[in-house]
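**Q** I would like to see how this sequence folds:
(one chain, ligands or ions: 1)
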Amino acid sequence: MIQIRNITKTYPNGTKGLNGITLSIARGEFIAVVGLSGAGKSTLLRSINRLHDITEGEILIDGSSITRASGRELRSIRRDIGMIFQSFNLVKRATVLRNVLAGRVGYHSTLRTILGRFPERDLDIAFRALDRVNIVEKAYARADELSGGQQQRVAIARVLAQEAKIILADEPVASLDPLTTKQVMDDLKGINQELGITTIVNLHFIDLARQYATRIIGLRAGEVVFDGPVSEATDERFAEIYGRPISQDEWLGVPAI
Ligand SMILES: Nc1ncnc2c1ncn2[C@@H]1O[C@H](COP(=O)(O)OP(=O)(O)OP(=O)(O)O)[C@@H](O)[C@H]1O
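**A** Prediction:
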């Protein structure tokens, strides 16, 4: 359960990234966050795992305040939250397996992870994660030898190895072609359904948001202007979220699942 209580984020230059957002997100939800560029989607995601400090308000993760936490408590809350980025954020020169094992670092001492000594159990977890996203045969390839879609699946495997309870995905398919986009979204949806991992995805494409999410949150100028089930997210509501008619480049055109 994620409780976002009246949060505001003001950047040092005075820009308001978020302005008085209150949301309650239940375990296992699959949420698409939509809105124009600059609406605050990235800021919201980065506030949830405290990559950004918020200016006002509070965020609770399963009842613990990530806003007030520090030290060991903050690390322990963060361990439950996996992050997926548009640019994959892999160590390009390391093997796929090493990248997935990086999901385990929160469970061990710094020294152990610097030395690269992961217990056998972690290797099992890493291989199972790779298997789930269908790239186990790439375990010993260098990350930068993989296609964009495969790299994003390594990033998903890393989050699985982390045994995260929440996945925050910031435009995870923005660098991918339509077919690969579908594979990555299918992986995210499968994990959400089978493991019950709460998933929040920032998405640019309206049809993707409708196909995969169960709830859509629309942001505009740092405020929530829509929050409802997919069935209520009509073209008219999207036009209201954007403050203008929907344009062609907001449709990906993927075949229905
Ligand atoms: N580091 C920063 N310093 C100052 N302003 C920022 C910073 N990061 C974001 N902003 C501003 O905060 C607002 C929200 O930005 P944010 O990146 O969260 O939007 P977004 O909806 O994710 O857009 P995009 O899809 O383009 O990434 C925008 O006005 C943006 O210019």
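**Q** how many neighbours does residue 200 have?
**A** The local packing of residue 200 (other C-beta atoms under 10 Å) involves 25 other residues. Using the backbone N, CA and C atoms, a C-beta is placed for each residue, glycine as well.
**Q** and if you look at the one 10 residues further on?
**A** Here the number of neighbours of residue 210 (other C-beta under 10 Å) works out to 18.
**Q** Could you shift the numbering so residue one becomes 503, and keep it that way?
**A** Okay, using 503 as the starting number, the last item reads as residue 712.
**Q** Could you give the separation of stretch 512-523 from the chain centroid?
**A** 21 Å (C-alpha atoms, centre = their mean, to the nearest Å).
**Q** Do any residues in that stretch lie close to the ligand?
**A** Yes. Contact of stretch 512-523 with the ligand (C-beta under 6 Å from any ligand atom) involves 513, 515, 517, 519.
**Q** Kindly write the ChimeraX command that selects the buried subset of those residues.
**A** Filtering those down to the buried ones (16 or more other C-beta atoms under 10 Å) takes a single ChimeraX command:
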select :519
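**Q** Closest to residue 721 out of the residues of stretch 512-523 next to the ligand?
**A** Residue 721 has its nearest neighbour among the residues of stretch 512-523 next to the ligand in residue 519, at 10.1 Å by C-beta to C-beta.
**Q** mind checking which helix or strand that closest one is in?
**A** Using DSSP states H and E, residue 519 sits within strand 518-527.
**Q** And for residue 584?
**A** Counting by DSSP H and E, residue 584 is found in strand 583-587.
**Q** how about residue 632, what does it touch?
**A** Residue 632 makes contact with 598, 599, 602, 638, 640, 641, 656, 659, according to C-beta atoms under 8 Å, 6 or more residues apart in numbering.
**Q** go with 10 Å
**A** Residues near residue 632 by C-beta atoms under 10 Å, 6 or more residues apart in numbering: 598-599, 601-602, 638-641, 655-656, 658-660, 662-663.
**Q** So it lies in a strand, does it not?
**A** No. According to DSSP: H, G, I helix; E, B strand; the rest coil, the state of residue 632 is helix, so it is not within a strand.
**Q** buried stuff in stretch 629-637?
**A** Under the neighbour-count rule (16+ other C-beta under 10 Å), stretch 629-637 has 629, 631, 632, 634, 635, 637 buried.
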